[in-house]
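Colleague: give me a 3D structure for the following:
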Amino acid sequence: MAHEPYYGLLVNAAISFFVFLSSWYLGVKVIKQKATGKAKVPAMAFSVVWLDIGLIYFSVGVRTMFAFFGMDNFDKLFFYVDNFFGAMLAATIIFFTTYFLFRNKKVADTLAILWVIAGFIWWIFDVKTGAKRIGVSYWLSEWEIGSEFLMTLFGAIFYIPGLISLFALLFTARKAPKRTTKYKITMTALSLILAVTLMIIDLKGTSPFLGFAVRVLIALVTILGHLAYFPTKGIKHWLERG
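Modeller: Numbering: from 1, shown residues only. Okay, here's the model as predicted:
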């Protein structure tokens, strides 16, 4: 039976689906139009990060809908799913930044696989085994993982290196020989730095309003990613002058 007074859950779900649509629009468009030739691997890697972000928020939206309709078992199932995609996000970022910085796919593959294994282990023991439901409020279906310490440790070990790598990528843009290259590296790095930072804030979930604002901002950040690969005519003219 639906939680009829809890219409805030529907708002929460709608915003999550908004992030999913904006992320997937960017990821699919880059794959279809830019993943060719020498740019194929970095374009695919960039797209996979955004596709994964989209899957995280699609799962959040779905489980929130199930919470509204009082379908607790499906809410739980998609809580596991959204945390699984969250655990895999670090691996996609590490692959993207490692390949972009060193242009060595074997190294990028190896590091990404290590992050996948570690993320899966964390997901099994701290989410799948240890997660417990707090309850359903007007705005949120609230869960807690098995150990906040493990969650913090996982974030420190896996997301912080990803952010550091993205900042390193941002600084390499200064050494790029062409303005077009500097622009592309800067915009791709900035879009992912902002997205990951906002997701960490969302994960902490201090208030429903902050959560909504953060998710809207994540959707808007996809505009930066879009401009990295599909600059406007004005930006193109400025780049050609450099």
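Colleague: which one is residue 76 nearest to, not counting chain neighbours?
Modeller: Spatial nearest neighbour of residue 76, chain neighbours left out: residue 133 (7.0 Å); criterion: CB to CB, 6 or more residues apart in numbering. Just so you know, the C-beta spots here come from the backbone N, C-alpha and C atoms, and that holds for glycine as well.
Colleague: nope, residue 188 is what I was after
Modeller: Closest to residue 188 by CB to CB, 6+ apart is residue 228, at 4.6 Å.
Colleague: wait, isn't residue 51 in contact with residue 25?
Modeller: No. The criterion here is CB atoms under 8 Å, and residue 51 misses it with residue 25 at 10.5 Å.
Colleague: tell me the helix or strand right after the least confident helix or strand in the chain by mean pLDDT.
Modeller: Lowest by mean pLDDT, DSSP states H and E among the helices and strands of the chain is helix 148-154, with a mean of 72. Sequence-wise, the next helix or strand downstream of helix 148-154 (DSSP states H and E) is helix 160-172.
Colleague: for residue 83, which residues are in contact?
Modeller: Residue 83 sits next to 123, 127, 131, 145 when contact means CB atoms under 8 Å, 6 or more residues apart in numbering.
Colleague: if I look at the residue most central in space within the chain, how far off is residue 95?
Modeller: Centroid-nearest residue in the chain: residue 53, 3.2 Å away (criterion: CA atoms, centre = their mean). Separation of residue 53 from residue 95 (CB to CB, to the nearest Å) stands at 14 Å.
Colleague: also residue 39?
Modeller: Counting by CB to CB, the gap from residue 39 to residue 95 is 15 Å.
Colleague: neighbour count winner among these two?
Modeller: Regarding residue 39 and residue 95, a neighbour count based on other CB atoms under 10 Å identifies residue 95 as having more, with 27 against 14.
Colleague: check what pLDDT the nearest residue in space to that one that is not next to it in sequence gets.
Modeller: Among residues not flanking residue 95 along the chain, residue 112 sits closest, at 3.8 Å (CB to CB, 6+ apart). Per-residue pLDDT puts residue 112 at 92.
Colleague: list the buried ones in whichever strand or helix holds residue 112?
Modeller: Counting by DSSP H and E, the element that carries residue 112 is helix 105-122. Going by neighbour count (16 or more other CB atoms under 10 Å), the buried part of helix 105-122 is 108, 111, 112, 115, 116, 118, 119, 122.
Colleague: include secondary structure, distance to residue 65 and pLDDT when you put the contacts of residue 83 into JSON lines, please.
Modeller: Shown next, in JSON lines, are these (DSSP: H, G, I helix; E, B strand; the rest coil; distance: CB to CB, whole Å; pLDDT from 0 to 100):
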{"residue": "123", "secondary structure": "helix", "distance to residue 65": "22", "pLDDT": "88"}
{"residue": "127", "secondary structure": "helix", "distance to residue 65": "20", "pLDDT": "82"}
{"residue": "131", "secondary structure": "coil", "distance to residue 65": "19", "pLDDT": "78"}
{"residue": "145", "secondary structure": "coil", "distance to residue 65": "22", "pLDDT": "77"}
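Colleague: give me the buried entries from these.
Modeller: Members of those classed as buried by 16+ other CB under 10 Å are 123, 127, 131, 145.
Colleague: residue 143: helix or strand, and which one exactly?
Modeller: Using DSSP H and E, residue 143 falls in strand 141-144.
Colleague: so what strands line up beside that strand?
Modeller: strand 132-136 (antiparallel) (DSSP bridges).
Colleague: how distant is the strand it pairs with from the center of its chain?
Modeller: When distances are taken as CA atoms, centre = their mean, to the nearest Å, strand 132-136 is centred 24 Å away from the chain's centroid.
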